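K.L.:
Let me see the structure of the following:
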Amino acid sequence: MDDEDNVTRNKTLTSNCQMFEDVKEINNFNTKHISKNDVLFSLIHFNIRSLKNKIDELNEFLDKFKLKFDVIAISESWLSDRDMDMVLMNGYCYLGKNRINKNGGGVGVFVRNTHNVKARHDLNDSLTTTLEIFAIEIANEAQFKNIVVVVAYRPPSCSVGTFCESIDDVLTRLNEKNKHIVVTGDFNINLTDDINSNNNQLQQIMDLHGLCKLINLPTRITANKQSVIDNIFVDGSLNVCLQGVLACDLSDHLPVLTQISFSKQVKKEKLIVVPSTKFLSSSNRISNLNKRLCEIDWTDVYDCWDVEMAWVKFVELFKCCMIKCCQVSNNKINKISKQKPWFNSENKKILKAKNRLFKKFLKIPNDENNNNYKSANKIYKKIKNNAKKQYFHNILENNKHDMKKSWKIMNDVLRRSNNDSKSNNIHLKRNGQIVNDPENALNDHFVSIAEKLNVNFVKTFEYKKPMKNSIQNSMFISSVTTSFKQQDL
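P.N.:
Numbering: from 1, shown residues only. Below you'll find the model as predicted:
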């Protein structure tokens with residue numbers, strides 16, 4: 001693709017860029033235009049500004065989507081190597097590059113476990129420490145090229161020239177291979193239509209390598225300025241069916257996203273969707289069902305002399321009552337299941353008010369709207385955190401005598417999955433028998449140590465002999481022999 005064709009393609013793609021005020025808009029698009037047979041690749045980028053502190057909020061936000069993003073790109077993760085166990089996401093593995101001996105920065109990706117992925121260390125390890133780029137390669141289906149995803153973050157301290165040279169170096173090496181390329185991140189370069197020397201330099205490099213810009217709407221909005229500093233670039237051969245900016249207040253940057261179709265053509269006709277259903281048997285629903293069964297007219301069943309026909313009529317009437325009282329769609333079940341147990345009506349009310357003020361600020365970015373939103377956000381976070389803290393305090397208190405349940409609760413909080421952990425087949429034995437509840441056995445052992453020590457402890461006052469005067473409120477530690485430690489500990 002030559003430069004002129006790429007400019008035309010850029011204009012066409014960016015004209016399709018949308019601002020999504022709600023996740024429902026994306027869900028509705030996929031319901032209407034995407035077939036189950038379409039082969040899609042989806043990506044979303046967050047400048048998260050502390051992934052560790054916002055992992056729960058990120059998970060809650062992503063749960064709203066019907067689709068599972070193939071790649072969730074992260075810039076400004078602010079992680080260190082010791083934080084990696086604190087950023088777990090079910091169904092995804094995290095790969096990234098953290099700053100060493102320095103706060104801030106950091107880039108990485110969550111990739112779905114269903115993908116065969118590898119980190120491109122040949123690209124990641126060859127770059128300067130001032131520039132933050134992390135690349136992965138996803139093995140695509142046999143008939144399609146592999147996809148290389150590059151996540152980049154240009155710190156303000158890194159010059160635009162150095163950044164562009166490094167991007168050019170990465171893309172030059174990738175263009176020698178037969179790969180699809182997607183570049184995303186926070187470039188800290190305002191890629192608006194008003195061309196300046198900085199964004200012109202970056203845009204020229206992308207054009208040179210046949211990459212098209214997808215985002216032309218503001219991704220960072222303040223009361224004084226709107227700028228397009230987060231973006232997604234894709235090679236011109238890809239069929240982009242959706243791209244845009246999403247109203248989300250996880251940080252002061254708005255996330256950007258895209259969906260790419262590898263099918264010949266994305267279907268545009270409206271699909272007929274028949275939602276699957278399930279039946280719930282809560283006490284309230286069963287009570288309503290019993291009431292309805294008592295009120296229904298069974299005359300047609302009583303008056304039928306044919307036993308088989310009477311049975312058919314009975315089943316039809318019973319089914320009608322079941323559907324009316326107990327049937328719910330999977331969509332509703334998913335919505336109910338994703339609601340957090342501490343998320344009560346007060347949380348919902350404040351969350352709606354907070355989101356409404358945030359969208360108002362995005363439309364009219366002034367100091368008044370910004371202050372109103374920040375005030376509501378502060379109140380919401382305080383109430384939500386208190387409710388969450390109280391909820392887990394209560395369930396841990398209720399299960400404090402059951403170590404198995406207590407550990408399950410803590411693992412759920414930490415998002416540790418038993419399926420993800422590797423068992424080393426280590427068993428605890430007592431009197432030659434395998435212990436089925438090792439957590440309780442170990443707990444009993446360590447709790448009983450103090451009691452055993454107290455029984456075997458020989459009280460002596462030898463330490464008082466060299467003392468001339470007694471010292472009140474003093475503590476002395478007697479010497480401990482090796483045999484004492486071996487026998488009693």
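K.L.:
Quick one: neighbours of Leu40, just the number.
P.N.:
Leu40 has 17 neighbouring residues, counting by other C-beta atoms under 10 Å. All C-beta atoms are positioned from the backbone trio N, CA, C, and that covers glycine.
K.L.:
Which helix or strand in the protein has the lowest average pLDDT?
P.N.:
helix 330-338 (a mean of 49; mean pLDDT, DSSP states H and E).
K.L.:
roughly how far apart are Ala63 and Ser35?
P.N.:
Residue 63: Asp, not Ala. To Ser35, Asp63 is 24 Å away according to C-beta to C-beta, to the nearest Å.
K.L.:
circling back to that earlier point, helix or strand right after the least confident helix or strand of the chain?
P.N.:
Note on helix 330-338: by DSSP states H and E, the next helix or strand toward the C-terminus is helix 345-363.
K.L.:
Name the residues of that next one that come out as buried.
P.N.:
Asn347, Ile350, Leu351, Ala353, Lys354, Asn355, Leu357, Phe358, Lys359, Lys360, Phe361, Leu362 (16 or more other C-beta atoms under 10 Å).
K.L.:
In the residues you listed, find the pair that's most separated.
P.N.:
Of all pairs drawn from the buried residues of helix 345-363, the widest gap by C-beta to C-beta lies between Asn347 and Leu362 and measures 22.3 Å.
K.L.:
Just the helices from the stretch 1-150 of the chain, written as ranges.
P.N.:
3-14, 23-33, 51-62, 121-124 (DSSP state H, counting those that start in this stretch).
K.L.:
and of the ones you listed, who's closest to Asn386?
P.N.:
helix 51-62 (14.6 Å).
K.L.:
So what touches that closest one?
P.N.:
Helix 51-62 is contacted by residues 23, 46, 48, 69, 72, 74, 77-79, 83, 86-90, 106, 108, 248, 250-251, 340, 415 when judged by C-beta atoms under 8 Å, 6 or more residues apart in numbering.
K.L.:
angle of it against helix 23-33?
P.N.:
50 degrees (axes from the mean of the first three to the mean of the last three C-alpha atoms, to 10 degrees).
K.L.:
ok, so what distance separates Val182 from Asp412?
P.N.:
34 Å.
K.L.:
again, but for Lys52
P.N.:
18 Å.
K.L.:
So what does Gln259 look like in phi/psi?
P.N.:
Phi and psi for Gln259, reported as degrees, to the nearest 10, are phi -130, psi 130.
K.L.:
Test of understanding: give the bridge partners of it.
P.N.:
Ser42, Leu242 (DSSP bridges).
K.L.:
Give me the pLDDT value at it.
P.N.:
Gln259 is assigned a predicted lDDT (pLDDT) of 96.
K.L.:
how much space is there between it and Thr114?
P.N.:
In terms of C-beta to C-beta, Gln259 sits 17 Å off from Thr114.
K.L.:
Let's verify the residue nearest to Ile296 when sequence neighbours are not counted: helix, strand, or coil?
P.N.:
Distances taken as C-beta to C-beta, 6 or more residues apart in numbering place Leu317 nearest to Ile296, at 6.0 Å, with adjacent residues excluded. Following DSSP: H, G, I helix; E, B strand; the rest coil, the label given to Leu317 is helix.
K.L.:
before we move on, what about the one 3 residues further on?
P.N.:
Put simply, Cys320 is helix when judged by three-state DSSP.
K.L.:
Then Ile189?
P.N.:
coil.
K.L.:
Regarding this protein, what is its longest helix?
P.N.:
In the chain, taking DSSP state H as the definition, the longest helix is helix 367-398.
K.L.:
what's the following helix or strand after that helix?
P.N.:
Going down the chain from helix 367-398, the next helix or strand is helix 403-413, by DSSP H and E.
K.L.:
contact partners of the next helix or strand after that following helix?
P.N.:
Downstream of helix 403-413, the next assigned helix or strand under DSSP H and E is strand 429-430. If you take C-beta under 8 Å, 6+ apart as the criterion, strand 429-430 is touched by Val435, Ala441.
K.L.:
Go ahead and measure how far the helix or strand following strand 429-430 is from the middle of the chain.
P.N.:
Going down the chain from strand 429-430, the next helix or strand is strand 433-434, by DSSP H and E. Remark: strand 433-434 is offset 41 Å from the chain centroid, using C-alpha atoms, centre = their mean, to the nearest Å.
K.L.:
From the rest of the structure, what touches strand 433-434?
P.N.:
Residues contacting strand 433-434 (C-beta under 8 Å, 6+ apart): His427, Leu428.
K.L.:
Which strands border that strand, and is each parallel or antiparallel?
P.N.:
By DSSP bridges, strand 433-434 pairs with strand 429-430 (antiparallel).
K.L.:
that older thread, any quick ChimeraX command for the buried ones out of the contacts of helix 51-62?
P.N.:
Those of these that count as buried under 16+ other C-beta under 10 Å are selected in ChimeraX with:
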select :23,46,48,69,72,74,77,78,79,83,87,88,89,106,108,248,250,251,415
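K.L.:
Now do stretch 404-416: everything it contacts.
P.N.:
55, 59, 85-86, 88-90, 392, 395-396, 399-400, 418, 437, 439-440.
K.L.:
Would you mind putting the CA coordinates of that stretch into CSV?
P.N.:
Only the C-alpha atoms of stretch 404-416 are listed here, as CSV (Å, rounded to 0.1, in the frame of the first residue of the first chain):
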residue,chain,number,x,y,z
LYS,A,404,-11.5,-24.7,54.4
LYS,A,405,-14.2,-22.2,53.8
SER,A,406,-12.1,-19.3,55.0
TRP,A,407,-9.3,-20.1,52.6
LYS,A,408,-11.9,-20.5,49.8
ILE,A,409,-13.2,-17.0,50.5
MET,A,410,-9.7,-15.5,50.6
ASN,A,411,-8.8,-17.2,47.3
ASP,A,412,-12.0,-15.9,45.7
VAL,A,413,-11.1,-12.4,46.9
LEU,A,414,-7.5,-12.8,45.4
ARG,A,415,-9.0,-14.4,42.2
ARG,A,416,-6.9,-17.5,42.7
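K.L.:
ok now do Lys354, which residues does it touch?
P.N.:
Asp249, Tyr373, Ala376, Asn377, Ile379, Tyr380.
K.L.:
now with 10 Å?
P.N.:
When contacts are counted by C-beta atoms under 10 Å, 6 or more residues apart in numbering, Lys354 touches Asp249, Asn372, Tyr373, Lys374, Ser375, Ala376, Asn377, Lys378, Ile379, Tyr380, Lys381.
K.L.:
Now restrict those residues to buried residues only.
P.N.:
Asp249, Asn372, Tyr373, Ala376, Asn377, Tyr380.
K.L.:
thought the fifth one was touching Asp249?
P.N.:
Put plainly, it is Asn377. Yes: with contacts counted by C-beta atoms under 10 Å, Asn377 reaches Asp249, the gap being 6.7 Å.
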